[in-house]
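Participant: Mind looking at a prediction? Sequence and model below.
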Amino acid sequence: MLASLDLSVVAASLPYLFGEGMVFTLTLTALAASGGLVLGTGLALVRLSGVPGLTHAAKLYVELMRALPLVLVIFWFYFLMPYLGAWATGAASPIQVGPFASALITFTLFEAAYFAEIMRAGIQSVPKGQSAAARALGMSYAQTMRLVVLPQAFRNMLPLLLTQTIVLFQDTSLVYVLSLTDFLGAASKVAQRDGRLVEMYLFAALVYFAVCFAASLLVRRLQARIAVVR
């Protein structure tokens with residue numbers, strides 16, 4: 001079987017695979033991770049705020065997102081949100097969001113729930129004495145969080161945040177349901193066009209493994225360095 005592999009198909013497709021497919025995957029991963037981290041941090045602060053209505057609303061959002069399959073959320077947003085947007089704005093026709101915007105918003109909202117739990121754990125890992133000392137110095141709650149608590153929480157949770165980003169990198173392959181061309185989608189198109197499914201899917205698996213393995217090694221080194229600092 002290995003003797004019949006035609007690796008020239010892979011070599012000829014490298015510009016397309018990496019120039020379009022991988023660029024799309026990395027772009028979506030970076031944007032969704034950034035947006036999810038910002039939104040997730042906000043959700044974590046709301047959950048820890050102690051305000052009953054807001055706390056329960058944030059908790060419900062996090063639990064709901066974590067209980068749903070990501071592909072279902074993608075379908076729901078892409079097909080239903082245009083009609084909900086038209087209903088909310090009073091438009092006569094569905095509001096066209098577009099596949100890339102749908103994917104980006106969906107991944108951001110979905111990952112925010114996971115980042116929220118990571119950041120909540122990070123905030124709670126900071127000794128309460130740090131907050132008490134900041135308040136004793138006359139800092140407001142917002143200043144205490146921004147200048148004292150959140151920097152330490154980010155440092156403590158950075159390995160977990162990066163690990164979740166690796167998971168997000170893998171999950172971006174689900175954009176095939178919206179006919180978007182990520183790295184796996186590009187490999188699939190080449191495989192079907194040239195009839196070389198084994199070569200292309202094997203190569204895609206090796207690339208995903210290499211990227212995720214290298215990122216995991218980076219996370220381990222970072223985790224060891226943070227442990228030494230502590």
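Facilitator: That came in fine, so what should we check first? Numbering: from 1, shown residues only.
Participant: What about residue 212, how many residues nearby?
Facilitator: Around residue 212 sit 14 other residues, with neighbours defined as other C-beta atoms under 10 Å. Just so you know, the C-beta spots here come from the backbone N, C-alpha and C atoms, and that holds for glycine as well.
Participant: what's near enough to touch the closest residue to it other than its chain neighbours?
Facilitator: Distances taken as C-beta to C-beta, 6 or more residues apart in numbering place residue 166 nearest to residue 212, at 5.5 Å, with adjacent residues excluded. Shown here is residue 166, whose contacts under the criterion C-beta atoms under 8 Å, 6 or more residues apart in numbering are 212, 215-216, 219.
Participant: what helix or strand does residue 166 sit in?
Facilitator: Under the assignment given by DSSP states H and E, the secondary-structure element containing residue 166 is helix 150-171.
Participant: what's the answer for residue 225, then?
Facilitator: Counting by DSSP H and E, the element that carries residue 225 is helix 197-229.
Participant: Also compute the angle for that helix relative to helix 150-171, please.
Facilitator: 170 degrees (axes from the mean of the first three to the mean of the last three C-alpha atoms, to 10 degrees).
Participant: ok, residue 219 - contacts?
Facilitator: Residue 219 touches 159, 162-163, 166, counting by C-beta under 8 Å, 6+ apart.
Participant: List of residues touching the one helix or strand in the chain whose mean pLDDT sits lowest?
Facilitator: Lowest on mean pLDDT, DSSP states H and E among the helices and strands of the chain sits helix 141-144, with a mean of 82. Outside helix 141-144, the residues that touch it by C-beta under 8 Å, 6+ apart are 131, 134-135.
Participant: Pipe the residues you listed into TSV and attach secondary structure per row.
Facilitator: TSV is the format used below for the contacts of helix 141-144 (DSSP: H, G, I helix; E, B strand; the rest coil):
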residue	secondary structure
131	helix
134	helix
135	helix
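Participant: Quick one: buried ones out of the residues you listed?
Facilitator: Neighbour counting over those (16 or more other C-beta atoms under 10 Å) leaves 131, 134 as the buried ones.
Participant: I'd like the contacts of helix 141-144 as a markdown table, with pLDDT and distance to residue 95 appended.
Facilitator: Compiled in a markdown table, the contacts of helix 141-144 are given as follows (pLDDT from 0 to 100; distance: C-beta to C-beta, whole Å):
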| residue | pLDDT | distance to residue 95 |
| --- | --- | --- |
| 131 | 83 | 43 |
| 134 | 84 | 44 |
| 135 | 84 | 45 |
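Participant: quick one: residue 35 and residue 115, what's the gap?
Facilitator: Applying C-beta to C-beta, to the nearest Å, one obtains 10 Å for the distance of residue 35 from residue 115.
Participant: So for these two, which sits in the more crowded spot?
Facilitator: When neighbours are counted by other C-beta under 10 Å, residue 35 and residue 115 differ, and residue 115 comes out ahead with 28 against 18.
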